[in-house]
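Undergrad: Just need the structure, nothing else, for what follows:
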Amino acid sequence: MHTVSVALTVALLLSLTGVALGDGAKYRPGAAFSHVWDAFYTETPHEPELADPLIAAGPRMTQAICEAVLHKDMMYRRYALSALGFIGDRRAIATLERIMNDESEKDYFRGDALQSIFRIDRALGRRYADQYTEGPDYLKMISAAIKRNAPWLTERRGKH
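TA: Have a look, this model is predicted:
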């Protein structure tokens with residue numbers, strides 16, 4: 001009985017703090033954006049559309065997304081990083097640079113950050129791509145795609 005009540009208490013505390021058991025934390029900075037975060041985390045059943053609620057919220061959501069993606073355990077973090085690129089707000093560049101340049105980050109987060117930088121500022125993205133032509137695998141692949149100007153780098157796959 002005691003074990004069950006402890007487990008329920010832990011589960012309740014984690015849910016109140018936005019931590020999801022087993023699948024990453026559901027960070028929700030910016031109370032005014034609770035409906036957007038709800039849609040991002042729960043309402044989108046089709047993977048290519050996961051970033052759509054964040055993208056639809058536009059630049060007003062940039063700072064909140066930037067705050068959320070700095071947490072390495074964020075649920076759907078790759079989609080939030082992608083959303084920053086499609087929103088196109090230059091205020092996201094510092095956060096994206098921080099993730100891209102952090103060698104403790106997984107290479108796919110670093111590559112996603114580079115891809116979003118490229119979506120926001122093509123020239124800056126190309127300069128960074130030159131720096132990472134010999135980087136970790138995914139980052140190197142994104143760098144090569146930027147150098148080739150691969151069309152898929154800037155295509156949206158969700159609803160438009």
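Undergrad: Next, count neighbours for the closest residue to residue 120 other than its chain neighbours.
TA: Leaving aside its sequence neighbours, residue 120 sits nearest to residue 88 (CB to CB, 6 or more residues apart in numbering; 5.4 Å). In this view, the C-beta of every residue, glycine as well, is placed from N, C-alpha and C. Residue 88 is flanked by 15 other residues according to other CB atoms under 10 Å.
Undergrad: Show the contacting residues for residue 88.
TA: 59, 119, 120 (CB atoms under 8 Å, 6 or more residues apart in numbering).
Undergrad: Next one, pLDDT for it please.
TA: Note on residue 88: pLDDT of 97.
Undergrad: Please report how far it lies from residue 119.
TA: Using CB to CB, to the nearest Å, residue 88 is found at 7 Å from residue 119.
Undergrad: ok, residue 98 - contacts?
TA: Residues residue 70 are the ones in contact with residue 98 under the rule CB under 8 Å, 6+ apart.
Undergrad: Doesn't it lie inside a helix?
TA: Yes: the assignment for residue 98 is a helix, going by DSSP: H, G, I helix; E, B strand; the rest coil.
Undergrad: Tell me how far it lies from residue 25.
TA: From residue 98 to residue 25 the distance is 19 Å (CB to CB).
Undergrad: ok, then the element right after the one helix or strand in the chain whose mean pLDDT sits lowest?
TA: Every helix and strand of the chain was ranked by mean pLDDT, DSSP states H and E. The lowest is helix 2-16, at a mean of 37. The helix or strand immediately downstream of helix 2-16 is helix 34-38, counting by DSSP states H and E.
Undergrad: Which residues belonging to that next one are considered buried?
TA: Buried positions in helix 34-38, judged by neighbour count with 16 or more other CB atoms under 10 Å: 36, 37.
Undergrad: which other residues reach the helix or strand just after it?
TA: Following helix 34-38 in sequence order, the next helix or strand is helix 52-57 (DSSP H and E). With contact meaning CB under 8 Å, 6+ apart, helix 52-57 is reached by 33, 36, 39-40, 43-44, 61, 65, 79-80, 83, 86-87, 156, 158-159.
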